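**Q** here is my input; please provide its structure:
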Amino acid sequence: MLGQNQICAIDTSSLLAVRESFGKTKETKVFATLSGYAEKGFIVFPPQVREELERAEEAETDPDPPLLWVQMHRERSERTPSLEAVRRVLTVVPELLDADSPHEPADAYVVALAAELRDQGFDARVITDDKRDRLPLKVSPTTAASVLKLLSQTLYAFLKSDGTAP
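**A** All right, here's what the predicted structure looks like:
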């Protein structure tokens, strides 16, 4: 289990990868494990993660587990990084923004949230399954976290290393 001073900013990609990484039969258990972390304040996400999931659900009638999870933990876990934190991240890694996206992607906000928490004295990390760089125009949250000297893990690696993977 995470220590008192540890906190993780989780990315949309990791929530969407639960079924792919763990299988449909373990999906409920993984989200229950994540709920335990959220309830203890160990996992946070910026509003942009919820907004990305909501946009993906616009055409569907039944919300999927990742959207249900962020909606359930919105009050406790949704945190907005300061605009200054986002600016600092984008000053160092401007390629984190996707110029081709018509929407504001969560990547910069997830990394900024982790960086801001680190600056506040937390042992902060980024949980993301997005590792694909499209250089020279776009880098992944994994690469951005590395540039900023933030620990970054996939959800599978995070749960496995913490001993809570199903």
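
**Q** show me which residues of the host helix or strand of residue 34 are buried.
**A** Using DSSP states H and E, residue 34 maps to helix 27-39. In terms of neighbour count (16 or more other Cβ atoms under 10 Å), helix 27-39 has its buried residues at 27, 30-31, 33-35, 37-38. All C-beta spots, glycine's among them, are computed from the backbone N, C-alpha and C.

**Q** same deal with stretch 92-102?
**A** The neighbour-count check on stretch 92-102 (16+ other Cβ under 10 Å) flags 93, 95-98 as buried.

**Q** list of residues touching that stretch?
**A** With contact meaning Cβ atoms under 8 Å, 6 or more residues apart in numbering, stretch 92-102 is reached by 89-90, 105, 107-108, 111, 135-139, 141, 143-144, 147-148.

**Q** what is the lowest-pLDDT residue among the residues you listed?
**A** pLDDT across those is at its lowest for residue 105, which sits at 84.

**Q** hang on, that one packs against residue 49?
**A** No. With contact defined as Cβ atoms under 8 Å, residue 105 does not count as touching residue 49 (9.9 Å).
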